[in-house]
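*Asks:* Sequence first, then the predicted structure:
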Amino acid sequence: MGFRLREGMHFCIAGERVILLDPGGGRYRALTHEQAPAFRRWALGAALIGLDHERLLELKDRDVLAVSDQDQPPMAMTSARIALADTALDPASGNVSSWLVFAALTTQLVWSRRVKTWPLERLLAVLKGLGSNAGQVLPRTRLADRDAIVRAFARADMLLGSNNRCLARSLALAASCRKHGLASTLVIGIQPNPFAAHCWVQDEGLVLNDRPDRVQMFAPILTVC
C-alpha cells in the first residue's frame with residue numbers, strides 16, 4: 001500500500017514546517033511537529049523511518065493523503081515548480097488610456113465581490129477556464145499591450161487601494177491578461193514564521209503587480225499557469 005496527495009490539496013515545505021492549502025475549504029493548516037518530518041520524507045521520495053507510516057496513515061484519516069497502489073511522492077511530480085521572479089515591470093513609466101484604467105477598475109471590483117463570496121476553488125476554476133498562455137514569447141507589440149494593462153491596474157490601485165487586497169487584485173490582473181491572450185501566472189505564497197500568505201502575478205521572471213524583494217519572502221504553495 002502506498003500514498004498519494006489527495007486531489008486538490010496543495011502544500012509547501014518551508015524549513016521544518018509543512019503548510020497545507022485546500023482551495024475547496026479555503027483554509028491553510030500546518031502539520032504537527034510529529035507529522036511534518038514523515039510527510040517531508042515521503043514527499044521528497046526519501047526512505048521512511050520509525051513511525052513515519054503511522055503518521056502518514058493519520059494524514060489519510062485527516063483527508064490530506066489518499067491510499068494508492070504505490071507511493072506517488074508529490075515533489076517528484078512537481079519538480080518544475082515555478083521560480084520566483086527577480087525583476088519587476090515599472091508601472092509608473094509610460095502613458096495609459098482612460099478606457100484601460102476604467103476596465104481595470106471594473107474588473108477589480110468584479111473580482112473583489114467574488115473573493116468575498118466565492119470559495120477559492122471556484123475562483124481558481126474561473127481563472128483556469130480563461131485559458132493560459134504562460135511560457136509563450138510575446139512579440140514587442142504584445143509586450144506593449146501587456147505593459148499597458150499592468151499600468152492601468154496600477155492606476156486602479158491608486159484609486160481603490162491595495163492593502164489586504166492581493167488576491168482580488170491578482171485574480172483580476174491575471175484574468176485580464178488571459179482575456180487578451182497574454183501570459184500570466186498567478187502565484188500564492190506563504191511565510192511560515194509568523195504565518196502570512198500573499199498573492200501576485202508574474203510572467204516568467206517578471207513580477208507584474210508587486211516588488212521582487214517582497215514576493216521572494218514567500219514560498220509558492222499554489223500556482224495557476
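*Replies:* Looks like it came in fine.
*Asks:* use CA for all of it now, contacts and neighbours both
*Replies:* Fine.
*Asks:* What is the least confident helix or strand in this structure?
*Replies:* helix 74-77 (a mean of 62; mean pLDDT, DSSP states H and E).
*Asks:* Pull the contacting residues for residue 119.
*Replies:* 23-26 (CA atoms under 8 Å, 6 or more residues apart in numbering).
*Asks:* Just put these in a markdown table and tack on neighbour count, pLDDT and distance to residue 53.
*Replies:* Output for the contacts of residue 119, formatted as a markdown table (neighbours: other CA atoms under 10 Å; pLDDT from 0 to 100; distance: CA to CA, whole Å):
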| residue | neighbour count | pLDDT | distance to residue 53 |
| --- | --- | --- | --- |
| 23 | 18 | 92 | 26 |
| 24 | 12 | 89 | 26 |
| 25 | 11 | 84 | 26 |
| 26 | 12 | 82 | 28 |
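*Asks:* Tell me the helix or strand right after the helix or strand containing residue 150.
*Replies:* Per DSSP states H and E, residue 150 falls inside helix 140-160. Counting by DSSP H and E, the next helix or strand C-terminal to helix 140-160 is helix 166-179.
*Asks:* before we move on, what SS does the residue of the chain positioned farthest from its centre have?
*Replies:* Distance to the chain centre peaks in the chain at residue 50, reaching 33.9 Å (criterion: CA atoms, centre = their mean). At residue 50 the chain is in coil, as set by DSSP: H, G, I helix; E, B strand; the rest coil.
*Asks:* what about the helices in the protein?
*Replies:* 35-43, 52-61, 74-77, 98-117, 120-129, 140-160, 166-179, 212-215 (DSSP state H).
*Asks:* If you count neighbours, what's buried in the last one?
*Replies:* Read it as helix 212-215. Buried positions in helix 212-215, judged by neighbour count with 16 or more other CA atoms under 10 Å: 212, 215.
*Asks:* which residues of the chain score low on pLDDT?
*Replies:* Where the chain drops to pLDDT under 70, the residues are 76-82, 92-93, 134-141.
*Asks:* returning to that earlier point: what's the closest of the contacts of residue 119 to residue 176?
*Replies:* Distance to residue 176, by CA to CA, is smallest for residue 23 among those, at 21.8 Å.
*Asks:* got the contact list for residue 63?
*Replies:* With CA under 8 Å, 6+ apart, residue 63 has these contacts: residue 6.
*Asks:* how far away is it from residue 33?
*Replies:* Distance of residue 63 to residue 33, computed by CA to CA, to the nearest Å: 18 Å.
*Asks:* Does residue 84 touch residue 216 like I think?
*Replies:* Yes - using CA atoms under 8 Å, residue 84 makes contact with residue 216 at a distance of 6.4 Å.
*Asks:* Looking at those two now, which is surrounded by more residues?
*Replies:* Between residue 84 and residue 216, residue 84 has the larger neighbour count (other CA atoms under 10 Å), namely 20 against 14.
*Asks:* Please name the bridge partners of residue 68.
*Replies:* residue 2 (DSSP bridges).
*Asks:* dump the residue contacts of residue 107.
*Replies:* 172, 176.
*Asks:* Look up how far residue 123 lies from residue 110.
*Replies:* Taken as CA to CA, the span from residue 110 to residue 123 is 12 Å.
*Asks:* For those two, indicate the residue with more neighbours.
*Replies:* Per other CA under 10 Å, whichever of residue 110 and residue 123 has more neighbours is residue 123, with 18 against 13.
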